[in-house]
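Asks: Build me a model:
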Amino acid sequence: MDADDVRQAAAASCAVLEHAGGRDWSVAARGVDMTVAGVVAHVGATLLGFAADLAAGGATLDALETRIDPGAPPAALVGGIVAGSEVLAAVVEAAPPDARGHHPFGSADASGFAAMGVLELLVHTDDAARGLGVGFEPDAHLAQRVLHRLFPATPRGSRSWPTLRWATGRCALDTDHPRLQEWRWHSAPPDGRP
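Replies: As a prediction, this is how the structure comes out:
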């Protein structure tokens with residue numbers, strides 16, 4: 001995955017969140033133990049953190065804290081997503097092919113950090129949208145690319161967006177695939193390069 005994928009996911013996220021800017025963002029988001037404002041702030045901060053992790057070249061950044069104030073107005077929270085996604089996209093574009101960044105789930109390359117950023121954008125925008133009572137369904141190809149990069153062992157044959165929601169513990173996929181209570185993505189490069 002690449003910087004264009006991050007920008008595409010951010011555009012989809014911002015479009016639905018901006019549309020719902022007049023609603024009450026203090027309500028609970030779905031799928032996470034946060035308010036809508038809290039989960040949107042989390043996304044922006046996480047994108048900035050991913051960019052820093054990749055730029056740090058594998059060093060663990062224990063002293064770094066990225067935070068966006070969940071008490072900010074909705075437009076400012078969406079602005080945090082815009083900023084975070086652009087910073088992550090720029091770092092992904094600038095990273096050499098052998099660049100690696102630290103992540104608790106395993107060292108990731110630029111493609112892995114782009115995929116993790118897209119995952120955060122899509123899944124948490126859905127959490128927020130469900131809390132706000134608005135619809136969100138991202139581009140199926142983009143969801144499929146995230147599945148391919150971060151969840152290579154997911155079931156085949158189902159639509160990509162419901163499968164991505166299932167892979168992140170948001171829903172049951174079907175009777176053979178109940179809702180996951182624990183899940184984890186595969187951030188390491190798919191070819192096994194360290």
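
Asks: Can you give me the first-to-last residue distance of stretch 146-163?
Replies: End-to-end span of stretch 146-163 (C-alpha to C-alpha, to the nearest Å): 11 Å.

Asks: contacts for that stretch?
Replies: By C-beta atoms under 8 Å, 6 or more residues apart in numbering, the residues outside stretch 146-163 that reach it are 1, 111-112, 115-116, 118-119, 122, 137-138, 140-141, 143-144, 164, 166-167, 171, 173-174, 176-177, 185-187, 190. Backbone N, C-alpha and C define where each C-beta goes, glycine included.

Asks: mean confidence score for that stretch?
Replies: Summarised as a single mean, pLDDT over stretch 146-163 is 90.

Asks: What of stretch 113-121?
Replies: For stretch 113-121, the per-residue pLDDT averages 98.

Asks: Please state the offset of it from the chain centre?
Replies: Centroid separation for stretch 113-121 versus its chain: 4 Å, with C-alpha atoms, centre = their mean, to the nearest Å.

Asks: Now that stretch: buried residues?
Replies: Neighbour-count burial for stretch 113-121 flags Phe113, Ala114, Ala115, Met116, Gly117, Val118, Leu119, Glu120, Leu121 (criterion: 16 or more other C-beta atoms under 10 Å).

Asks: Verify the stated contact: the second one with Ala9.
Replies: No: assessed by C-beta atoms under 8 Å, Ala114 is found out of contact with Ala9, at 9.3 Å.

Asks: So the closest residue to His103 other than its chain neighbours versus Pro138, what's the distance?
Replies: Among residues not flanking His103 along the chain, Ser187 sits closest, at 4.9 Å (C-beta to C-beta, 6 or more residues apart in numbering). Separation of Ser187 from Pro138 (C-beta to C-beta, to the nearest Å): 20 Å.

Asks: and the spatially most central residue of the chain, helix, strand or coil?
Replies: By C-alpha atoms, centre = their mean, the chain has its centre lying nearest to Glu120, at 1.2 Å. Here Glu120 is helix, with the state taken from DSSP: H, G, I helix; E, B strand; the rest coil.

Asks: For this structure, which segments count as helices?
Replies: For the chain, helices defined by DSSP state H occupy the ranges 3-19, 36-55, 74-94, 110-132, 140-150, 160-167.

Asks: Distance to His102 added to those helices, as JSON lines?
Replies: JSON lines is the format used below for these (distance: least, C-beta to C-beta, whole Å):
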{"stretch": "helix 3-19", "distance to His102": "19"}
{"stretch": "helix 36-55", "distance to His102": "5"}
{"stretch": "helix 74-94", "distance to His102": "14"}
{"stretch": "helix 110-132", "distance to His102": "10"}
{"stretch": "helix 140-150", "distance to His102": "16"}
{"stretch": "helix 160-167", "distance to His102": "23"}
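
Asks: Got a quick ChimeraX command for the buried subset of the contacts of stretch 146-163?
Replies: Typed into ChimeraX, the line below selects the buried ones among the contacts of stretch 146-163, using 16+ other C-beta under 10 Å:
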select :1,111,112,115,116,118,119,122,138,143,164,166,167,173,177,185,186,187
